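K.L.:
Have a look; sequence and predicted model below, questions after that.
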Amino acid sequence: MHKNLSGKQLLLTLLNMNFSKQALAKEVTYKTSRSGGKGGQNVNKVSTKVELLFNVDGSVLFSDEEKTRIKEKLQSRFNKDGHIQVFCDEERSQLLNKEIALERLTMLLTGAIHIPKIRKATKVSRQAKEARLAGKRVISQKKESRRKNFDV
């Protein structure tokens, strides 16, 4: 899940977005290489590590405004060629790693184009203020009654 979005916000954003994973899959390119980690001899023979590359400028899925937002929010993810890079080498299967990388890209793009709702400043009501102060008075009286009188 994206760290800046709550579950409800993420779901709404995913429903309202104008791109799907299938459409996104058509615009990405993959590079594969040999991966380290678990897998035994398979690691030495099969290229399972996946590097997903996505060209934001060449995409037809996003408007110019969305492309600008993506470039601002994900600038640390771009390589020198101007492509967004996502790596995955968690699984032993290249296909699973491709799916995980595509899912990560989808989450990154969803979070980048999400426009947060503007917070409206509100005032604390008079009743809420009075209730808070009344509670403070009660606690203050309780502590006052615990004091010993040393002046006698």
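P.N.:
Structure's in. What do you need?
K.L.:
Ramachandran angles for Lys49?
P.N.:
phi -70, psi 130 (degrees, to the nearest 10).
K.L.:
any low-confidence regions in this protein?
P.N.:
By pLDDT under 70, the low-scoring segments of the chain are 1-18, 37-39, 150-152.
K.L.:
Let me see the contact set for the closest residue to Gly58 other than its chain neighbours.
P.N.:
Excluding its sequence neighbours, the residue lying closest to Gly58 (C-beta to C-beta, 6 or more residues apart in numbering) is Glu27, at 7.4 Å. Backbone N, C-alpha and C define where each C-beta goes, glycine included. By C-beta atoms under 8 Å, 6 or more residues apart in numbering, the residues touching Glu27 are 54-55, 58-61.
K.L.:
Closest one of the residues you listed to Thr68?
P.N.:
The shortest approach to Thr68 among the contacts of Glu27 belongs to Ser59, at 12.6 Å (C-beta to C-beta).
K.L.:
Buried among the contacts of Glu27? Need that as a selection in PyMOL.
P.N.:
Per 16 or more other C-beta atoms under 10 Å, the buried members of the contacts of Glu27 correspond to this PyMOL selection:
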select buried, resi 54+59+61
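K.L.:
what two of the contacts of Glu27 are the furthest from one another?
P.N.:
Phe54 and Val60, at 12.5 Å, using C-beta to C-beta across the contacts of Glu27.
K.L.:
related to what we said a few turns ago, filter the contacts of Glu27 down to the ones in strands?
P.N.:
Taking DSSP state E as the definition of strands, the contacts of Glu27 contribute 54-55.
K.L.:
which one of the contacts of Glu27 is nearest Asn149?
P.N.:
Nearest to Asn149 among the contacts of Glu27 is Phe54, at 75.5 Å by C-beta to C-beta.
K.L.:
so the closest one touches Asp81, yeah?
P.N.:
No: the pair Phe54 and Asp81 fails to qualify as a contact (C-beta atoms under 8 Å) at a distance of 11.2 Å.
K.L.:
if I look at those two, which residues touch both of them?
P.N.:
Here Phe54 and Asp81 share no contacting residue, scored by C-beta under 8 Å, 6+ apart.
K.L.:
Check the gap between Asn42 and Leu52 for me.
P.N.:
Distance of Asn42 to Leu52, computed by C-beta to C-beta, to the nearest Å: 21 Å.
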